[in-house]
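Asker: Okay, here's the prediction I keep looking at, along with the sequence it came from:
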Amino acid sequence: MEVHVEDAGVAVAVRLSGRLDTNGVDAIENRFLASTVAGGRDAIVDLSGVDLITSMGVRMLIGAARAMGQRKTKLVLFGAQDFVREVLETSAVDAIIALAGNEAEALAIVRH
Amino acid sequence: MTDCATRPATRLNLVLEASAAGTTEGVAACERFLVQHGVALRARLRTALVLEEALMNIARHGHASGGHHHTRVTLEVHADGLELGLVDDGAPFDPLAVVLPERPTSLEDALPGGLGVPFMRRFSRRMHYERVSGCNHLTMWLDLS
């Protein structure tokens, strides 16, 4: 599991790749939270390189989005592959965290 | 050499420690087995998901008294699907009897856990549970496509 962080102008772009399962979350959670919650800026999270997400990964995303909401910053997900999107929909993440199709849409949500 | 001697076995048998490390080991072993049998990526991802959820449930909640425990996992490739079996000696736990939480409508409503069973139910074609001789026996049937 890897995390790459970039400045995307109005937000920080956090690009994840690999499997967001128990092992993957253990490997990247601290860096992910440091880049999103602790960064104090809006964040867009690129899921296009993630082929699997389990309940541990969903828990990490919900935790980050909730903490950012309390700090009045936004977390927007984008680029989820079909299977990952199906898991996110099953857990209702799509109802509580903005889920965009691509990066341009994610940035538009941040600007809105 | 006969075909049955060269063809990989269609059943995988594992004994895993009931822990996060055992879960990782089991998911990786099942993935290798399914790749060996030419099982499609989507079916492999589905298997990895439900297996991780089932094994982590056992590791977290199955053994309140602590100690070292193990889970027996079997995985079979059939012509019409995959059959994943788990046997553990933890506390009785029937995932089919669990009342699923309501879908959250806001971040404040979202609970940090409780997603494992919904995932197992959603991504299995069928599940069967029974408690036999002090052990949980859970079988999940999964699509091949």
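Answerer: The structure has been received and is ready for your questions. Numbering: from 1, shown residues only, chains lettered A, B, ... in the order given.
Asker: name the element the nearest residue to residue B:19 once chain neighbours are set aside belongs to?
Answerer: Leaving aside its chain neighbours, residue B:19 sits nearest to residue B:59 (5.2 Å; criterion: CB to CB, 6 or more residues apart in numbering or on different chains). Just so you know, the C-beta spots here come from the backbone N, C-alpha and C atoms, and that holds for glycine as well. Residue B:59 belongs to helix B:41-61 when assigned by DSSP states H and E.
Asker: Please save the CA atoms from that helix in CSV.
Answerer: Taking C-alpha atoms only, helix B:41-61 is exported to CSV below (Å, rounded to 0.1, in the frame of the first residue of the first chain):
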residue,chain,number,x,y,z
LEU,B,41,-9.7,-11.0,-10.3
ARG,B,42,-13.2,-9.9,-9.2
ALA,B,43,-13.8,-13.3,-7.6
ARG,B,44,-10.4,-13.1,-5.9
LEU,B,45,-11.2,-9.6,-4.5
ARG,B,46,-14.6,-10.8,-3.2
THR,B,47,-12.9,-13.8,-1.5
ALA,B,48,-10.2,-11.6,0.0
LEU,B,49,-12.9,-9.2,1.4
VAL,B,50,-15.2,-11.8,3.0
LEU,B,51,-12.3,-13.9,4.3
GLU,B,52,-10.6,-10.9,6.0
GLU,B,53,-13.9,-9.8,7.6
ALA,B,54,-14.6,-13.3,8.9
LEU,B,55,-11.1,-13.9,10.2
MET,B,56,-10.8,-10.5,11.8
ASN,B,57,-14.2,-11.0,13.5
ILE,B,58,-12.9,-14.2,15.0
ALA,B,59,-9.6,-12.6,16.0
ARG,B,60,-11.3,-9.6,17.7
HIS,B,61,-14.4,-11.1,19.2
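Asker: Quick check: bridge partners of residue B:128?
Answerer: When bridges are called by DSSP bridges, residue B:128 pairs up with residue B:139.
Asker: Give me the pLDDT for it.
Answerer: With respect to pLDDT, residue B:128 has a value of 98.
Asker: Check whether it really touches residue B:94, as I assumed.
Answerer: No - at 10.2 Å, residue B:128 does not count as touching residue B:94 under the criterion of CB atoms under 8 Å.
Asker: ok, residue B:12 to chain A distance?
Answerer: Distance, residue B:12 to chain A, by CB to the nearest CB, to the nearest Å: 19 Å.
Asker: same deal with residue B:137?
Answerer: To chain A, residue B:137 is 22 Å away according to CB to the nearest CB.
Asker: what about the residue nearest to residue B:19, neighbour count?
Answerer: 22 (other CB atoms under 10 Å in any protein chain shown).
Asker: Check whether it really touches residue B:23, as I assumed.
Answerer: Yes - at 6.2 Å, residue B:59 counts as touching residue B:23 under the criterion of CB under 8 Å.
Asker: contacting residues around the residue nearest to the spatial centre of chain B?
Answerer: The geometric centre of chain B, computed from its C-alpha atoms, lies nearest to residue B:51 (CA atoms, centre = their mean), at 2.8 Å. Counting by CB atoms under 8 Å, 6 or more residues apart in numbering or on different chains, residue B:51 makes contact with B:23, B:26-27, B:30, B:73, B:84.
Asker: what about the closest residue to residue B:90 other than its chain neighbours, how many residues close to it?
Answerer: With sequence-adjacent residues excluded and distances taken as CB to CB, 6+ apart, residue B:90 is closest to residue B:62, at 2.5 Å. For residue B:62, the count of nearby residues is 18 (other CB under 10 Å).
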